[in-house]
Structure formats: C-alpha cells, structure tokens
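K.L.:
attaching a predicted model along with its sequence, questions to come.
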Amino acid sequence: MTERLGELLIRKGKLTQAQLDQAVQCQILFAGKLGTVLLELGYIGEKDLAGILQERYHVEAITLEQLKEIPEEVIKSIPRDLVGKYDLIPIRKLARRVYLGMLNPEDKEAITEVEKTTGLKAIPCVLLEVYLRWVMERYYGIKREARFIQLERSLDLMRELYPYTALVYGEPGESLWQGSAPISEISQPSVKAAPLPAQAPETPSVAEPPKNLDEFWDQVGRAGHPRVLLPKIKAEFRQARSREEVARIILDFTQRIFPRVVLFYIKTGVAFGWQGRGEGIDDKRLASLMIPLELDSIIKTVYESRSYFRGQLPVNPINQRILLGIGGIIPGLTLVMPILIFGKALLILYADSGRTVMEREPDLASVQEIMGDAQGALQRILQASKKDEGQP
C-alpha cells in the first residue's frame, strides 16, 4: 500500500506533525490536493514536493519545463473530456507509448480508458496540481480557479529568487523584486509594538472653509483625518448587521488615511486574506493568501501581542509572501492592527502607503478609535447570530 503523502513528508523530515494538521484543516476548508495547500502555506517548496511524490509513486515526476512546449499531435491524442474527467495530461509520445502527467498515477481506470481511446500503452507520471491546472488551461481551455493563478505567480517569482531572498527596501512604490538579496546577507530587524499616540495630530489649517467633503479632501490631503467624520462612522457601525458590512466600513474609513488596506481573518491558526482596497489588491487573489501563525511574520507578532505595529515592514520570507499576495509593492510605511472580539484577535487590519510618500503623520488615534467601534459591532453581530441559532 502506498504511504500517505503527509506521513512520508514527516518521515523524511520535510514536515512536522503540527504543520500537517494545519494543512489538513486548510484542505478541508479550501479543497484541492494536500500538496497544493502545503505550497500555499509555504511549508514546502515545489522541488521538494515533486521529489517526494516521485518517491511515493515510484514514477517520473514531470517538471514545469516539460510542460511548456508539448507538441500539438501529443495534445490531440487525448480528448478534452478525458483530460478533465481524470485530471491528466499527455506529455509525450514515444513509439507506441504515451506518457501521462497525472495527479494520481495509480488510477487504473484512467490508464485503461486512455489506452482504450488512444490504442497506445499509457505510462503514468506524477505532477503537481498547480502545474496540471495551468497546462489544462493552456492546451485545452479548461479554466482554473483563482487560487492556482495566484499560487503559480508566487512560485514563479520565488523561482527567480531561489533559494531564498528577502526585501531590501528602497523608495516607496518600488517593485518587491528590485534590489533583492539573499536572506543570509540581511540583518533581521526586531519587531516591536508601537505605543499608542497621546493624541491625534491637528488637522492642517485650510485657507477657506470647504464647501463639501470632496473639497475638504482636496485641501487637506488623504493623510490628515477629519475627525468630524467619526460620529457618522460610529453610527454606521451601530446600524451594521453583518460582518461584511463592518468590513466595508473599516476599509472605507481606513483607505481615507492609507492608500492600500487589507483585512485578514483568523481561523484554525491561520490568517486568511479576506477583503482589501487599493493598487494591486484583488479580492480573488487575496482569498488564496494564507499565513500560518506559527511562522514568523508581522501578522503573528500583532496577533500574539494584541498591539499594533507601525513602521517599515520587517524583512523575512513570510512578510515577503504577504506583499506578494497584495501586489508586490514595497511600502514606505505599514500599519498592522488587531481587532479584538471577546478578547481574541480574530481580525487583522493591514494598511500601507503603497507608492505614496506620506508627508503627514497618519492619524492613528482615529484608526484605533474606529477599530474599537468595529470590535463592538462585531461582538454584537456575533451575539445576535448565536441567539438566532438557539431559537426554535
């Protein structure tokens, strides 16, 4: 009997039991192959995973290079419906043999069906799910999910920087990949929670009173926050009836201060990307971003300390993964803040300056105040939901 993938990874020292348990929980939530989830979580690299799969099935592991130029006659040898039904792809033909890239090389039904259809001897090989979804779309037009597009982009960028690289921050707005260097050459700055400001900075003076809110923002700029809006925001929180509505209010408010804002939610020891606004941020790609809280990151620091962080994002591989998932822009200033619900950090607000040079000190006191109102609204919604569930 073939050894389970998770057990083999643990035996080979590629994975811990805790990491496997975490990955299985994520697999239940998001489906897909265990190997795909492990890649998304950053617990294993694609080369190591392919090597383990080759050892597990005792067959050839197909590389990405082998998939880039498959001859048309090979693709036409197997019908599209068969490819989609059995999750396989023809790689090459040699004499009277057709080599198949498969998620499960032990699928005898699929092999028999291919041999019956093609009249060729089928030779099973194994390949990663992210490769298969890409090649099925490329050659057969079978659309893949957004998670595989995001994972492919992340892996592609990591290949350029192999084996490991970290950010070397330059000017705000530079690409994540400009000026990268090996992690071993970069000192890791410590992360400390920032103290709360004593009071909000004063709003810059305006020559003439603004006629409307849009004119106000034209005059004072987006970094200064008009405290006159706070009562209106608080009222919106009191009227909110769902988590999604609270999230919208948080993002609308925070983006008045920071150009790019993202909300993460915490579940089963992982921070999942939820919703966001700003350049380079796409909710579908964001939904595939998963940050394990056992790995060092700014999310972990804020989650465990229950205090906010303000400053330049520290350099480490998981923080790099976060930036990749939200567009790959190096920010000059980052704010990461927990939203406590019944004493637990169940949401994390991430905000950064993007390509903007923020000339004024952001009004963090107002953000902190609003997060307190968001906390109250979410607790109220959660209590109401539990009460409704208890009714007959």
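P.N.:
Noted; the coordinates are in hand.

K.L.:
okay, which residue is most central for this structure?
P.N.:
With distances taken as C-alpha atoms, centre = their mean, the residue of the chain nearest its centroid is residue 289 (1.3 Å).

K.L.:
give the contact list for that residue.
P.N.:
150, 272-273, 321-322, 325-326 (C-beta atoms under 8 Å, 6 or more residues apart in numbering). For the C-beta atoms, the positions are set from N, CA and C on the backbone; glycine is no exception.

K.L.:
so how far is residue 101 from it?
P.N.:
Distance of residue 289 to residue 101, given as C-beta to C-beta, to the nearest Å: 27 Å.

K.L.:
and if you look at residue 55?
P.N.:
17 Å.

K.L.:
same check on residue 236?
P.N.:
Taken as C-beta to C-beta, the span from residue 236 to residue 101 is 52 Å.

K.L.:
quick one: the strands in the chain?
P.N.:
For the chain, the strands defined by DSSP state E cover 88-94, 97-102, 121-126, 165-166, 181-182, 260-267, 270-277, 290-292, 309-311, 334-341, 344-352.

K.L.:
turn those strands into a markdown table, columns for mean pLDDT, mean neighbour count and distance to residue 81.
P.N.:
Output for these, formatted as a markdown table (pLDDT from 0 to 100; neighbours: other C-beta atoms under 10 Å; distance: least, C-beta to C-beta, whole Å):
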| stretch | mean pLDDT | mean neighbour count | distance to residue 81 |
| --- | --- | --- | --- |
| strand 88-94 | 94 | 20 | 12 |
| strand 97-102 | 95 | 22 | 15 |
| strand 121-126 | 96 | 19 | 17 |
| strand 165-166 | 42 | 20 | 42 |
| strand 181-182 | 42 | 12 | 47 |
| strand 260-267 | 94 | 22 | 37 |
| strand 270-277 | 92 | 21 | 34 |
| strand 290-292 | 87 | 23 | 33 |
| strand 309-311 | 93 | 18 | 52 |
| strand 334-341 | 94 | 22 | 47 |
| strand 344-352 | 94 | 23 | 43 |
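
K.L.:
got JSON lines for these, with distance to residue 18 too?
P.N.:
Compiled in JSON lines, these are given as follows (distance: least, C-beta to C-beta, whole Å):
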{"stretch": "strand 88-94", "distance to residue 18": "33"}
{"stretch": "strand 97-102", "distance to residue 18": "30"}
{"stretch": "strand 121-126", "distance to residue 18": "26"}
{"stretch": "strand 165-166", "distance to residue 18": "25"}
{"stretch": "strand 181-182", "distance to residue 18": "28"}
{"stretch": "strand 260-267", "distance to residue 18": "16"}
{"stretch": "strand 270-277", "distance to residue 18": "12"}
{"stretch": "strand 290-292", "distance to residue 18": "10"}
{"stretch": "strand 309-311", "distance to residue 18": "25"}
{"stretch": "strand 334-341", "distance to residue 18": "23"}
{"stretch": "strand 344-352", "distance to residue 18": "20"}
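
K.L.:
quick one: closest of those strands to residue 317.
P.N.:
strand 165-166 (6.7 Å; C-beta to C-beta).

K.L.:
low-confidence regions, the stretch 251-392 of the chain specifically.
P.N.:
Filtered on pLDDT under 70, the stretch 251-392 of the chain yields the residue ranges 387-392.

K.L.:
thinking again about what came up before, relative to residue 319, how far out is the residue nearest to the centre of the chain?
P.N.:
As for residue 289, its distance to residue 319 is 12 Å (criterion: C-beta to C-beta).

K.L.:
ok, now residue 71?
P.N.:
From residue 71 to residue 319 the distance is 43 Å (C-beta to C-beta).

K.L.:
just residue 155 next, same as before
P.N.:
For residue 155, the distance to residue 319 - C-beta to C-beta - is 18 Å.

K.L.:
these two - which one has more neighbours?
P.N.:
Higher neighbour count among residue 155 and residue 319: residue 319, with 23 against 17, using other C-beta atoms under 10 Å.

K.L.:
the more buried one contacts residue 297, doesn't it?
P.N.:
Yes - counting by C-beta atoms under 8 Å, residue 297 is a contact partner of residue 319 at 5.5 Å.

K.L.:
OK, contacts around the nearest residue to residue 102 once chain neighbours are set aside?
P.N.:
Distance criterion C-beta to C-beta, 6 or more residues apart in numbering; nearest residue to residue 102, sequence neighbours excluded, is residue 88 at 4.6 Å. Contact partners of residue 88, counting by C-beta under 8 Å, 6+ apart, are 78, 82, 100-103, 107, 110, 114, 132.

K.L.:
what subset of those residues is buried?
P.N.:
78, 100-103, 107, 110, 114, 132 (16 or more other C-beta atoms under 10 Å).
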